[in-house]
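Student: just the structure for this:
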Amino acid sequence: MKKDIKNICVKYLMNEANAQELENLEAWLKKGKNKETFATYIKINYAMDVNMNPFDKETAKKEYLERIWKDKRSHKKLRRIKTFSYAAASIVVLIAASFWFTKMGNTIIEPQFTEPIIVNNQIQTGTDKATLTLENGEQIALTKGASFQTQNATSNGEEIVYITANSQQPIVKDSVSHNTLTIPRGGQFQLTLTDGTQVWLNSESQLKYPVVFNKGETRQVELVYGEAYFDVSPSNNHKGADFKVYHKQQEVQVLGTEFNIKAYKDETNVYTTLVEGKVSVTTGSKTKILLPAQQSNLDIVVNSLGIANVEVYDIVSWKEGIFSFERKPLKEIMTTLSRWYDMDVIFANKDLETIRFMGSLNKGQNIVDVLNDIKNFGVINTYEINNKTITLK
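Tutor: A predicted model of the protein is given here:
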């Protein structure tokens, strides 16, 4: 490791690196095996520090969490934060220290790993793909690299854009036609509605929406299931018309803002996270107002609706090509990854399900690299891949 890069690494760990140094570190981490070198450097130096000083796991975790939290807060624009994913993916070694190192007197013990077994790996990295269902029931496969056009919309295989409402003639309410965009496991897609609202749809999601909105009336779409990020066109651009997102369990009303809704079919909670602006979340007779960096949690089982402050980046980074996990149980993490990689996960050791993990993973990585990262961080001992099934041990 070159001396200048080593100095930048030290500054990064001390939260003293400036913007230029962070850019240099990012560029260096993208080349060859530098990420592995960086991770090894951290492990060696961290181990030395543990040997020389009394080790308190909880205090160490807290310090590292606060350090990364401050680093994220210093780069408020989500799209700029994305560029630091390489460093974040390596720095997770620090957070995983409680797995890598066990203090027994003055001895540091590293877990012994077993080589993974890979048989006919059929797991593919997710990509841009969706199924568009037209108003007449016709279904069209949208895939990356393939263009498509209808009277109302065009697609380049990564997103579908509808003709702006300004070019449409006034329409009768009863004549409004709807399209449905369905994202399968292993997919993602973007959508621009006729009012200019942008929507990012995550894997295993479905959105129903009008081909064109009635001018001056409430703009309504339905998140049937899954996860979606909305960047809503302001109401003052549409004669004051507000925007509503329906789900069978709740209604979100906005005037113009950015927010994320997570409502998967196999989960008993619906999460709405506000990035900018203000929204109201209503379910039954309950209504909550969200402010930026707040999240509502609708528990479907007990019909409760609560609000908590959250780290927005960890929740919405998926749309920027990053999975960011902040002390999430491994079972929850693997559920997220299983949707993106369209795979099944088995825990041979059920105790692994509750182990918490913090770090960032690039959505462009193949599954073997992802699992090796998790294994190298000491979270699991080994894994097996057989066709499209992963077994964690």
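
Student: which ones are touching residue 157?
Tutor: 128, 142, 143, 144, 145, 146, 147, 148 (Cβ atoms under 8 Å, 6 or more residues apart in numbering). Quick note: C-beta positions are derived from backbone N, CA and C, even for glycine.

Student: can you list the strands that the longest strand along the chain pairs with?
Tutor: Longest strand in the chain by number of residues (criterion: DSSP state E): strand 219-231. Using DSSP bridges, the strands paired with strand 219-231 are strand 198-201 (antiparallel), strand 205-210 (antiparallel), strand 243-247 (parallel), strand 258-263 (antiparallel).

Student: dump those to JSON lines, plus mean pLDDT and mean neighbour count.
Tutor: Formatted as JSON lines, the strands paired with strand 219-231 follow (pLDDT from 0 to 100; neighbours: other Cβ atoms under 10 Å):
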{"stretch": "strand 198-201", "mean pLDDT": "98", "mean neighbour count": "21"}
{"stretch": "strand 205-210", "mean pLDDT": "97", "mean neighbour count": "22"}
{"stretch": "strand 243-247", "mean pLDDT": "96", "mean neighbour count": "20"}
{"stretch": "strand 258-263", "mean pLDDT": "97", "mean neighbour count": "22"}
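
Student: TSV please, covering those and showing distance to residue 393.
Tutor: Shown next, in TSV, are those (distance: least, Cβ to Cβ, whole Å):
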stretch	distance to residue 393
strand 198-201	34
strand 205-210	31
strand 243-247	37
strand 258-263	29
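
Student: tell me which of those strands lies nearest to residue 331.
Tutor: Of all the strands paired with strand 219-231, strand 258-263 sits nearest to residue 331, with 16.2 Å by Cβ to Cβ.

Student: hey, C-alpha coordinates of the closest one in PDB?
Tutor: What follows is strand 258-263, C-alpha atoms only, in PDB (Å, rounded to 0.1, in the frame of the first residue of the first chain):
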ATOM      1  CA  GLU A 258     -39.800  12.500  -2.300                       C
ATOM      2  CA  PHE A 259     -40.600   9.400  -0.300                       C
ATOM      3  CA  ASN A 260     -40.200   5.700  -0.200                       C
ATOM      4  CA  ILE A 261     -42.900   3.000   0.400                       C
ATOM      5  CA  LYS A 262     -42.000  -0.600   1.300                       C
ATOM      6  CA  ALA A 263     -45.000  -2.900   1.300                       C
END
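
Student: nearest residue to residue 319 other than its sequence neighbours?
Tutor: residue 200 (4.3 Å; Cβ to Cβ, 6 or more residues apart in numbering).

Student: ok so, going back, from the contacts of residue 157, which is closest to residue 307?
Tutor: Closest to residue 307, out of all of the contacts of residue 157 and judged by Cβ to Cβ, is residue 128, at 33.5 Å.
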